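Engineer: structure for the following, please:
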Amino acid sequence: MSFIVATFYKFVTLPDFAQKQSSLLAYCQTKEIKGTILLAKEGINGTIAGSRQNIDATLAFLRSDPRFADLVHKESEAKISPFKRMKVRLKKEIVTLGMPEIDPNERVGTYVNPQEWNELIADPDVIVIDTRNSYEVRIGTFKRAIDPQTYSFREFPEYVRQKLDPSQHKKVALFCTGGIRCEKASSLLMKEGFQEVYHLKGGILKYLEEIPSQTSLWEGECFVFDERIAVQHGLETGTYQMCRSCGHPISDEDKTSLEYEEGIACPYCFETLTQEKRSRLQEKQRQLELVRNKISDKGQQ
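Structural biologist: Down below sits the predicted model:
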């Protein structure tokens, strides 16, 4: 059995978002859906996984609310469920920028379809900005893209104030994983006086789904916030794993480092790992290896 992974978001005013939590969670649980859905006054944002039938039923349940009738989702497949449980969380923002006055329902930039994206970002007059965090950018991004070197999306407004100028940067193209961060990022830039602001419709995931690798301007893999860690063209599961200590994606090359210890540390957290945490992770790794050995022994009997 393969699992369907569905991602979706919609900016829409939800004054009753807290009241929707329990019924939405209960429905997902009855359908054996796993993943995370965020609810806030400004809308909904989620990634869920389950069987084809149950994903379809859950999306239909969401769209039965007239405010979500036109909810757009993206899909991929996974051989195992990328989530262990179902969570429906209440938040102040469905994507945290830290500026409640920025409202994508009022104004956003110009959407650009994946088929038109290559031509846009190849234009030398266009500045191309990756709105994701630096650890995401590190494993893959578009050619010519600028990395703002942010640790969280909250830092993006300061990057705009310090590094961008409406009088100099006449055309700005933004992109992110699924499109949601760019809704707020483009709204922010429009508010700051930038005239031509474009963003990739459906995000990197839609681009990788629709654009063949032969004509793609994407380099590397795309980080995703589930147990697949990263995806490639065609939304095939990527080659990265995740460090259990710091959560950073790690490559095969990272594993050759003297600072890599399976299940304990990687080159990105080796120097900052406390002895207390190291001891705790060492014990977890020891228990995991005991389980692996038992399974191996049974397989040889």
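Engineer: can you map out the helices along this protein?
Structural biologist: 17-30, 52-63, 114-122, 134-137, 156-163, 180-191, 203-210, 275-300 (DSSP state H).
Engineer: so which of those helices comes closest to His233?
Structural biologist: Comparing the helices of the chain against His233 with Cβ to Cβ, the closest turns out to be helix 203-210 (5.2 Å). For glycine as for every other residue, the C-beta is placed from the backbone atoms N, C-alpha and C.
Engineer: other SSEs contacting the closest one?
Structural biologist: Judged by 3 or more Cβ pairs under 8 Å, 6 or more residues apart in numbering; DSSP states H and E, the packing partners of helix 203-210 are strand 73-78, helix 114-122, strand 171-175, strand 218-220, strand 222-223.
Engineer: mind giving me the packing neighbours of the first one?
Structural biologist: In this structure, strand 73-78 packs against strand 3-11, helix 203-210, with contacts taken as 3+ Cβ pairs under 8 Å, 6+ apart.
Engineer: packing partners for the first one?
Structural biologist: The contact analysis (3+ Cβ pairs under 8 Å, 6+ apart) places strand 3-11 against strand 43-50, helix 52-63, strand 73-78.
Engineer: out of these, which comes closest to Lys255?
Structural biologist: Among the helices and strands packed on strand 3-11, strand 73-78 sits nearest to Lys255 (Cβ to Cβ), with 22.7 Å.
Engineer: pull the CA atoms of that closest one into CSV?
Structural biologist: Provided in CSV are the C-alpha atoms of strand 73-78 (Å, rounded to 0.1, in the frame of the first residue of the first chain):
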residue,chain,number,x,y,z
HIS,A,73,-4.1,20.9,-2.7
LYS,A,74,-0.9,19.2,-4.0
GLU,A,75,-0.2,15.5,-3.8
SER,A,76,2.7,13.1,-3.8
GLU,A,77,3.2,9.4,-2.9
ALA,A,78,5.2,7.7,-0.1
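Engineer: if you average pLDDT over that strand, what comes out?
Structural biologist: Across strand 73-78, pLDDT averages out at 87.
Engineer: show me what that strand is in contact with.
Structural biologist: Strand 73-78 is contacted from outside by 2-8, 49, 55, 59, 178, 202, 205-206, 209, 228, 231, 235, 237, using Cβ atoms under 8 Å, 6 or more residues apart in numbering.
Engineer: can I get the helices of the chain in CSV including mean neighbour count?
Structural biologist: Shown next, in CSV, are those (neighbours: other Cβ atoms under 10 Å):
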stretch, mean neighbour count
helix 17-30, 15
helix 52-63, 16
helix 114-122, 16
helix 134-137, 18
helix 156-163, 16
helix 180-191, 24
helix 203-210, 22
helix 275-300, 11
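Engineer: what's the closest of those helices to Met99?
Structural biologist: helix 156-163 (6.1 Å).
Engineer: alpha carbons of that closest one, as PDB, please.
Structural biologist: Provided in PDB are the C-alpha atoms of helix 156-163 (Å, rounded to 0.1, in the frame of the first residue of the first chain):
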ATOM      1  CA  PHE A 156      12.700  37.900   6.600                       C
ATOM      2  CA  PRO A 157      11.200  41.400   7.200                       C
ATOM      3  CA  GLU A 158      14.600  42.600   8.500                       C
ATOM      4  CA  TYR A 159      16.300  41.100   5.500                       C
ATOM      5  CA  VAL A 160      14.000  43.100   3.200                       C
ATOM      6  CA  ARG A 161      14.600  46.400   5.200                       C
ATOM      7  CA  GLN A 162      18.400  45.800   5.200                       C
ATOM      8  CA  LYS A 163      19.100  44.400   1.700                       C
END
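Engineer: show me the contacts for the closest residue in space to Lys84 that isn't next to it in sequence.
Structural biologist: Of all residues not flanking Lys84 in the chain, Lys34 sits nearest, at 6.6 Å (Cβ to Cβ, 6 or more residues apart in numbering). Shown in contact with Lys34 (Cβ under 8 Å, 6+ apart): Cys28, Ile48, Ala49, Gly50, Ser81, Phe83, Lys84, Arg85, Met86.
Engineer: swap the cut-off to 10 Å and go again
Structural biologist: Residues near Lys34 by Cβ atoms under 10 Å, 6 or more residues apart in numbering: 3, 28, 47-50, 81-87, 226.
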